[in-house]
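Q: can you look at this prediction? I've put the sequence above it.
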Amino acid sequence: MRKMLCFVTLFALVIIGFAQPQRGNDFKLLNEKVAKLPDVGPDGPDLSVINFFPGQNDNISYTIVGNTYFDTQTNSGNLMNRIYEFADGTIGATWMHIGEGGTPDRGTAYNYFNGTQWGTQNPHLGSDARTGFPSYAPWGPNGEIMAQYKYVAGGGSVKILRRETKGIGEWQESVLMPPTGNYSLVWQSIITSGANHEFVHMLALVYDDPYLGQDDALLYYRSPDGGITWDINGVVIDGLGADYFTGMSGLAYSWAQPVGNTLAFAYGFNAFDGLLFKSNDNGSTWQKTVVYDSPFDPLNVPANIELYGGGDGTSAVALDSQGNAHIVFSRMMHLYENSAWYYTPLGSEGIIYWNETMPALDTTIISTYTLENLRNAGNLVGWITGNVTIASTQPNYGVGLTSHPQLSINANDEISLVYGAISPESKLEDIYYRHLYFARSSNGGETWSDPYNLNDGVEFAFSECVFPAVAPHYDTKLQVLFQEDYTPGTGTGFGLGEENYMQFLELVLYTTDLKDSDPAARFEVSQNFPNPAHNTTQLCIKLDKSSLVSIAITDVAGRIRKVTEKRNMVAGMNYYTLDVSDLRSGVYNYTVIVDDQRVTRKLVVQ
């Protein structure tokens with residue numbers, strides 16, 4: 001019924017004004033410069049199943065877990081940790097919420113999955129009438145914790161809510177006050193570490209007045225008891241202070257899920273450097289690594305800077321089983337002219353990948369509009385999956401056309417990426433809808449699948465699917481929370497708009513016994529031709545001796561779609577015609593199996 005009402009009201013929404021511009025700004029055409037939005041205040045009006053096969057959703061499901069009339073889950077920056085799957089299969093999820101007409105006021109909503117079903121949303125946690133931007137994590141042996149801020153000019157605090165048993169009981173509240181002076185703490189982000197998640201780690205921004213020589217300073221906190229006391233209380237980590245930045249950007253930081261005593265967070269990835277900070281002693285000391293090396297010093301910016309490539313301020317980081325960091329960030333083009341920053345939100349795309357085995361990225365590799373430099377270097381993992389022509393009326397979120405990346409990693413160091421992007425297949429008049437896209441690496445980031453639309457199909461054809469939050473670890477199922485809106489862009493009242501639905505997406509990631517190509521294989525396999533293929537395609541298999549050969553075709557989720565019967569082939573060149581007429585359009589892998597050895601190639605079916 002909800003979807004039927006959506007289609008009935010859709011055209012009325014178009015008539016009364018389709019585009020909801022970000023904070024009233026009139027963004028210009030593709031690649032024209034756009035005045036960069038100023039840093040904004042934290043409150044009130046001062047805020048100046050993967051559907052690889054169309055129609056076949058046997059490995060994806062959606063559940064509405066709540067709603068909101070506040071359609072700005074983050075403010076031109078990173079989404080804080082919002083969803084976590086516990087070891088027993090239960091799940092906690094939070095999001096920004098406003099009720100219809102503003103009642104209840106802006107605050108934190110919450111819902112809990114008990115292993116069988118989702119409950120009823122709690123639309124407003126805590127005792128304060130108005131709070132901001134929650135961050136959620138496990139706490140203790142079986143509990144949960146979250147942080148939100150209550151903004152009051154010159155004295156706003158972070159509120160810590162926790163309970164010892166997840167999903168049950170009253171929330172206990174603690175208050176973390178800002179440093180002494182005319183300050184507030186805002187845009188907090190937390191994670192927990194320790195054998196029982198007993199340590200709470202938080203990054204938060206000091207706001208209102210300059211602090212320690214910066215317009216805004218980023219402070220690090222650590223608590224051993226759920227936010228009641230803090231044994232590290234508001235320190236500026238070396239590399240983030242006034243010697244490096246004139247001020248810090250809110251929501252430009254993102255935590256990785258800790259591995260033992262190893263912590264990591266990413267910072268920046270905007271007009272200036274993108275940085276990785278790691279600690280191997282549970283936050284006592286930190287080391288900085290430059291991931292993206294901007295050519296420009298924020299303490300000494302030239303009067304004019306030509307258009308160059310950087311990030312849009314959104315990023316994600318994950319630690320693998322060895323504590324090595326993997327980072328993704330969204331590409332953005334910037335320029336600086338007559339002492340004013342500009343950027344191109346309607347002309348920037350690309351999700352960029354880096355890990356600690358790679359050299360630092362620079363603007364040279366990022367600036368090319370064709371993305372080929374990034375692709376050839378193995379740094380491009382997300383993009384717009386078709387041809388689009390972007391109109392000046394296309395709504396945006398102060399970020400690029402591909403943005404808000406999230407990472408999740410499993411025990412085998414397989415990495416899953418989810419991000420939001422313009423969907424070429426979903427368009428009404430001149431406006432494209434945004435959908436969520438998925439890509440996967442099964443070999444620790446060495447290679448990645450092409451991206452796939454998680455919201456493909458009729459159900460989301462006229463839905464804006466944005467602000468993905470992904471559970472940081474997965475086993476066989478990837479857990480995603482996202483916001484479904486029927487009107488692209490943010491609402492006119494600083495995020496207050498029509499009713500939005502918070503959707504929970506569960507994606508089953510199949511695994512098989514098939515392995516990547518064996519580098520010591522005693523046979524060779526050509527790339528199939530034609531590729532893309534229609535009905536049939538041909539490949540050549542060169543054997544050093546007569547052997548039994550079979551071919552397995554798998555989708556990008558790792559699920560076996562077809563296995564040919566074993567066929568005896570002679571030594572030398574063997575030409576094989578592969579029948580793909582029974583496969584739907586999409587991207588697959590075909591693995592040639594000879595004895596116990598395998599060689600894999602990519603196959604595209606039209």
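A: Now that the structure is in, tell me what you want to look at.
Q: contacts only, for residue 301.
A: For residue 301, the contact set (CB atoms under 8 Å, 6 or more residues apart in numbering) comprises residue 336. Placement of C-beta: from N, CA and C, glycine included.
Q: let me know the pLDDT of it.
A: pLDDT, residue 301: 88.
Q: got any ranges where this structure has weak pLDDT?
A: Along the chain, the model assigns pLDDT under 70 to residues 1-58, 369, 491-496, 510-516, 557.
Q: and the helices in it, which stretches?
A: Assigned helices in the chain, in chain order: 2-17, 363-367, 372-376 (criterion: DSSP state H).
Q: how about residue 307, nearest residue that isn't a chain neighbour?
A: residue 335 (4.5 Å; CB to CB, 6 or more residues apart in numbering).
Q: show me what contacts the one you found?
A: Taking CB under 8 Å, 6+ apart as the test, what residue 335 contacts is 33, 305, 306, 307, 308, 341, 342, 343.
Q: of these, buried ones?
A: 33, 305, 307, 308, 341, 342, 343 (16 or more other CB atoms under 10 Å).
Q: from what I see, the fifth one and residue 332 are in contact.
A: In other words, residue 341. No. Here residue 341 does not reach residue 332: they are 11.1 Å apart, not a contact under CB atoms under 8 Å.
Q: take the buried ones among the contacts of residue 335 and write them to a markdown table, including distance to residue 386.
A: A markdown table is the format used below for the buried ones among the contacts of residue 335 (distance: CB to CB, whole Å):
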| residue | distance to residue 386 |
| --- | --- |
| 33 | 26 |
| 305 | 32 |
| 307 | 25 |
| 308 | 27 |
| 341 | 31 |
| 342 | 27 |
| 343 | 24 |
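Q: which of these fall in strands?
A: 305, 307, 308, 341, 342, 343 (DSSP state E).
Q: ok, for residue 275, nearest residue in space, not its chain neighbours?
A: In space, residue 275 is closest to residue 267, 4.8 Å off (CB to CB, 6+ apart).
Q: which residues touch that neighbour?
A: 218, 240, 252, 253, 274, 275, 277.
Q: count the residues that sit near the last one.
A: In this case it means residue 277. 22 (other CB atoms under 10 Å).
Q: was I right to think it contacts residue 288?
A: Yes. The criterion here is CB under 8 Å, and residue 277 meets it with residue 288 at 5.7 Å.
Q: overlap in contacts of those two?
A: Going by CB under 8 Å, 6+ apart, residues that sit against residue 277 and also against residue 288 are residue 239.
Q: domains of this protein?
A: For the chain, the structural domains run 81-250, 523-605, going by automatic domain parsing.
Q: go through these and pick out the most buried.
A: domain 81-250 (a mean of 19; mean count of other CB atoms under 10 Å).
Q: circling back to that earlier point, of all the domains of the chain, which lies closest to residue 360?
A: Among the domains of the chain, the nearest to residue 360 by CB to CB is domain 81-250 (14.3 Å).
Q: ok, residue 131 to residue 76 distance?
A: 19 Å (CB to CB, to the nearest Å).
Q: actually residue 119, not the one I typed
A: 32 Å.
Q: residues in contact with the nearest residue in space to residue 469 that is not next to it in sequence?
A: Excluding the flanking residues, the one nearest residue 469 by CB to CB, 6+ apart is residue 82, at 3.6 Å. Applying CB under 8 Å, 6+ apart to residue 82 gives the contacts 93, 94, 95, 134, 135, 136, 469, 481.
Q: show me which of those is closest to residue 180.
A: For the contacts of residue 82, the nearest to residue 180 is residue 135 (24.3 Å; CB to CB).
Q: for the closest one, what are its contacts?
A: 80, 81, 82, 146, 147, 148, 188, 189, 190, 202.
Q: switch the cut-off to 10 Å
A: Applying CB atoms under 10 Å, 6 or more residues apart in numbering, we find residue 135 in contact with 79-82, 94, 108, 145-149, 158, 187-191, 202-204, 255.
Q: would you map the strands across the stretch 401-550 of the chain?
A: 402-409, 415-428, 431-441, 452-453, 464-470, 477-485, 496-508, 523-525, 529-534, 536-543, 547-555 (DSSP state E, counting those that start in this stretch).
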